[in-house]
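Chemist: Sequence isn't available, so here's the structure alone:
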């Protein structure tokens, strides 16, 4: 059985940073592409990043490309999302999800392929 546990969210001031963690079990993070998504109240789900299984290559959504960094620690079976220069528009529930081995589905917007996910962690950016 697959499990995902996200942590690291919280309240941060604009311009601040947070590092989210997604600790998994039941599979290995180097066997499946792992994506980060976020969803704000009343808004559509937004894809943030995707780490490919084989080489750890990472893709980003344009609005976070220069501010967020996704990474993984295979030994710990954990994926991270370092978020810098946060703005109120980044306020959302962030969650990780697993899809096929590569980020091709993420790249073409087939986000439903990432159908195994955690409950998420709340990020609030406010002064």
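Modeler: Cool, the structure landed. Here the structure is a predicted model, which means the values were calculated and not measured. Numbering: from 1, shown residues only.
Chemist: Find the residue closest to residue 27 in space, skipping its chain neighbours.
Modeler: Nearest residue to residue 27 in three dimensions, chain neighbours excluded: residue 2, at 5.6 Å (C-beta to C-beta, 6 or more residues apart in numbering). For every residue, glycine as well, the C-beta is placed using N, CA and C.
Chemist: actually residue 64, sorry about that
Modeler: Excluding its sequence neighbours, the residue lying closest to residue 64 (C-beta to C-beta, 6+ apart) is residue 48, at 5.7 Å.
Chemist: helix/strand/coil for the one you found?
Modeler: strand (DSSP: H, G, I helix; E, B strand; the rest coil).
Chemist: before we move on, the earlier item: next, count neighbours for the residue nearest to residue 27.
Modeler: For residue 2, the neighbour count with other C-beta atoms under 10 Å is 12.
Chemist: roughly how far apart are it and residue 28?
Modeler: Note on residue 2: its distance to residue 28, by C-beta to C-beta, to the nearest Å, is 11 Å.
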